[in-house]
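Trainee: sharing a model prediction with you, sequence too.
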Amino acid sequence: MAASLPVTTALVSGLAILFLVLTARVIRLRIRHRVSLGDGGNAELTRAIRGHGNLVESAPLFVLMLLLAELQGANTWLIGVLAGGFLVGRTMHGICLGFMKPTMVLRSGGMLLTLITMIAMTCVDLAIILL
């Protein structure tokens, strides 16, 4: 029988949508500014590339920790809240860098929410194996 992983599935779906939105933004900016590789010294493209890259750098570890917690029977409500917080944090950060002039409220808030949920998910995973 296949394992039911609704929280991991929902998060990965949300992250995939965000990934596609941020990817499309980078592609549009590359076309607009005629830059094939790198950022061509364009600050707007640099921010979009980093918004996309930061998602790609941080999401895999969180998804893996979530998957392990869900497979081991962690409280669905708890990990659902953490997964939702992670997605909101990554969205705030990615949209801020990819689509807006730099605003520290969204960028810092997104990073803070990401780090808080990452730390909390680490605690959940450790609690599963230690308690």
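Mentor: The structure has been received and is ready for your questions.
Trainee: contacts and neighbour counts: CA atoms only from here.
Mentor: OK.
Trainee: looking at the spatially most central residue of the chain now. What's its pLDDT?
Mentor: Among the residues of the chain, the one closest to the centroid is residue 90, at 3.9 Å (C-alpha atoms, centre = their mean). Listed pLDDT for residue 90 reads 97.
Trainee: kindly report the same for the one 5 residues further on.
Mentor: Residue-level confidence at residue 95 comes out at 93, pLDDT.
Trainee: any idea how far it is from residue 13?
Mentor: Residue 95 sits 17 Å away from residue 13, going by C-alpha to C-alpha, to the nearest Å.
Trainee: quick one: which of the two has more around it?
Mentor: residue 95 (21 against 12; other C-alpha atoms under 10 Å).
Trainee: contacts for the helix or strand harbouring the more buried one, please.
Mentor: Residue 95 belongs to helix 76-99 when assigned by DSSP states H and E. Helix 76-99 is touched from outside by 7-8, 11, 14-15, 18, 22, 25-26, 44-45, 47-52, 54-55, 66, 69-70, 102-103, 106-114, 117-118, 120-121, with contacts defined as C-alpha atoms under 8 Å, 6 or more residues apart in numbering.
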